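S.K.: Here is the input, now give the coordinates:
(one chain, ligands or ions: 1)
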Amino acid sequence: MKNEQWGNRTGFILAAVGSAIGLGNIWRFPYVAYENGGGAFLIPYLFALLTAGIPILILEFGLGKKGGGSAPSTFRRLNKNWEWLGWWQVAISFVIITYYSVIISWAMSYTKFSFQLEWGNEPKEFLFVNYLHLTESVWSIGGLQTHILWPLLITWVFVFFTLYSGLRSGIERVTKFAMPLLIVLFLIITFRGLTLDGAIIGINHFFTPDWSKVWNYKTWMAAYGQIFFSLSIAYAIMITYASYLPKKSDVNNNAFITAFGNSGFELLAGITVFSILGFMALQSNVDINDLAAGGVGLAFVVFPTIINTLPALNQLFGVLFFGTLVLAGLTSAISILEVIVAAIRDKFNLQRRTAVIWVTIICASSSITYATGAGLYLLDIIDHFVNSYGVVLAGLVQVIIFGWFYRLKTIREENNSTSDFAIGPWWDIMIKYITPIMLLFITIQNLIGEFKAPYEGYPVSALVTFGAGSAILAVIIGLIFTSLKWRDPNQPEKKRGAS
Ligand code: ALA
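M.R.: As a prediction, this is how the structure comes out:
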């Protein structure tokens, strides 16, 4: 049944980079960096990339290639008792895709709005009142916003057809076209940003560390969360993508290329956004720290404001910016959904197309929750919790399991035997000691902090219900699927293509 493989190495790398580069890079990174002190964020960010991001990516590429199946079957093949870790990660992907798709649909709407600068002179009011119809509290759900449902439907139709068409004709073909296009378009935006008056103010802010923030555990949590989310690690994506690699494939070099490609793009997005913020600070004569720029709305409030202020080609710039957001989001969305599709296929012994239909229907229907008047609140809360206590925690459990309960060295040796270059025992040290210690420390601090001050001042009842609720739900879904019977009892032991 399953003998799908990437057409060639470039196809795999582009798909992996396409998964990594997404809303996380353009929508999330700039506001997370801004909220965590700009330059102060870069130190923990680079630390997290080198000590956790790259080592875990190497681990996941290696596991995927070795296991040759979805995350649950890969973990199960290594140890019968570890299937749940795979399902937990699959469930996290499920939670993420439900809101991720909605942000893509906002970006689609904004691409359209850009043609006429439809947000007018009050982009903030336009976003919250006219577009999102944001209610006054997270507990008042508001009506269904049908105008958001349309772009949401387009998003799902696109993702559906890509996955339905298969690995090579769908995912590989789409990313081979979309990724080069995305990079060219984004470079145009960067060029425009850097040539604006005041760009240097923003760039200085981005690169000047505020040491008081560097010592705050929150900055570190944000950095690790960002690296994991952005690099698509710890929620089964890279394991799934690597499972379609031929057995003789490189692992180490591919991991470095993917990680540096992703972070390179992310830093470029940071420089671009901050140079544009510098322009705005100069125009409005306020300190860059005081721009009303934080939060989830950064891309959808500050950018329209800036687009209004640009000296020329305002519409074109808007279309380019929001269009790249859509493009980046779509190539990541397909990877997140593929995680769930692969897992369901393996467990229930389904054809790709059948699995794609069911998984899309369930995920798309769930995503409608965020197309309500309280959608933005829910999204903000759930994104925070599912990252800190979903993705990061699953990453922690994964490094503990492989660092302490598996012969880590054998994975490194296997990876080295087919890779362009070998990696040394430093990798074992990262997985076994450095990453678990850091993550354990940050998670505990973060958990304590959660009780001291409610996240973003939301009502505790909402944080518990939606935030903690979704993180716990992911664990429960994971356990339920683990307990279900494999339709083909030999499936977990079977390698792909062996049926
Ligand atoms: N890694 C993807 C992103 O950064 C999900 O958006």
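S.K.: ok, now which ones touch Ile21?
M.R.: Taking C-beta atoms under 8 Å, 6 or more residues apart in numbering, we find Ile21 in contact with 179, 182, 261-262, 265-266, 328, 331-332. Where you see a C-beta, it was placed from the backbone N, CA and C, and this is true even at glycine.
S.K.: can you pick the most crowded of the residues you listed?
M.R.: Of all the contacts of Ile21, the highest neighbour tally under other C-beta atoms under 10 Å goes to Ala328, namely 29 neighbours.
S.K.: Run through the residues that contact Thr309.
M.R.: By C-beta under 8 Å, 6+ apart, Thr309 lies in contact with 279-280, 283.
S.K.: can you redo these as CSV with neighbour count and pLDDT?
M.R.: Supplementary listing: those in CSV, determined by neighbours: other C-beta atoms under 10 Å; pLDDT from 0 to 100:
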residue, neighbour count, pLDDT
Phe279, 24, 89
Met280, 21, 85
Gln283, 15, 85
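S.K.: Could you provide those in TSV, with additional columns for secondary structure and distance to the ligand?
M.R.: Written out in TSV, the entries for these read as follows (DSSP: H, G, I helix; E, B strand; the rest coil; distance: C-beta to the nearest ligand atom, whole Å):
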residue	secondary structure	distance to the ligand
Phe279	helix	25
Met280	helix	24
Gln283	helix	30
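S.K.: near the ligand, which residues of the stretch 301-450 of the chain show up?
M.R.: Within the stretch 301-450 of the chain, the positions lying close to the ligand (C-beta under 6 Å from any ligand atom) are Ser332.
S.K.: Can you list the low-confidence ranges for the stretch 301-450 of the chain?
M.R.: Confidence mapping of the stretch 301-450 of the chain against pLDDT under 70 gives zero matching residues.
S.K.: Would you map the helices across it?
M.R.: 314-348, 352-367, 375-386, 392-404, 408-418, 426-429, 435-452 (DSSP state H, counting those that start in this stretch).
S.K.: same deal with the stretch 151-300 of the chain?
M.R.: Listed in chain order (using DSSP H, counting those that start in this stretch), the helices of the stretch 151-300 of the chain are 173-194, 199-207, 211-214, 217-230, 237-242, 252-284, 298-309.
S.K.: what residues does the fourth one touch?
M.R.: In other words, helix 217-230. Counting by C-beta under 8 Å, 6+ apart, residues outside helix 217-230 touching it are 20, 22, 24-25, 28-29, 32, 35-37, 40-41, 44-45, 47-49, 52-53, 56, 213, 233-235, 262-263, 266, 387-388, 391-392, 395, 438-439, 441-443, 445-446, 449.
S.K.: end-to-end on stretch 60-77?
M.R.: Chord length of stretch 60-77, first to last residue, is 14 Å (C-alpha to C-alpha, to the nearest Å).
S.K.: Tell me who's in contact with the nearest residue in space to Phe161 that is not next to it in sequence.
M.R.: Sequence neighbours aside, Gly170 is the residue nearest to Phe161 in space, at 7.3 Å (criterion: C-beta to C-beta, 6 or more residues apart in numbering). Each residue near Gly170 by C-beta under 8 Å, 6+ apart is listed here: 161-164, 334.
S.K.: Of all residues in the stretch 301-450 of the chain, which one is closest to the ligand?
M.R.: Closest approach of the stretch 301-450 of the chain to the ligand (C-beta to the nearest ligand atom) occurs at Ser332, with a separation of 3.9 Å.
S.K.: I'd assumed Leu23 was in contact with that residue.
M.R.: Yes: counting by C-beta atoms under 8 Å, Ser332 touches Leu23, with 6.7 Å between them.
S.K.: can you list residues touching both of those two?
M.R.: Here Ser332 and Leu23 have Tyr100 as joint contacts, going by C-beta under 8 Å, 6+ apart.
S.K.: What is the neighbour count of Phe128?
M.R.: Phe128 sits with 16 neighbouring residues when counted by other C-beta under 10 Å.
S.K.: Roughly how far does it sit from Leu144?
M.R.: Between Phe128 and Leu144 the computed distance is 17 Å (C-beta to C-beta, to the nearest Å).
S.K.: Around the ligand, pick out the residues from the stretch 101-250 of the chain.
M.R.: 229-230, 232.
S.K.: 5 Å instead?
M.R.: Neighbours of the ligand within the stretch 101-250 of the chain, by C-beta under 5 Å from any ligand atom: 230, 232.
S.K.: where does the residue lying farthest from the centre of the chain land on pLDDT?
M.R.: No residue in the chain has its C-alpha farther from the mean C-alpha position than Asn285, which lies at 34.3 Å (C-alpha atoms, centre = their mean). Asn285 carries a pLDDT score of 85 in this model.
S.K.: Val296 too?
M.R.: Val296 carries a pLDDT score of 70 in this model.
S.K.: Can you tell me the closest non-neighbouring residue to it?
M.R.: Asp380 (5.2 Å).
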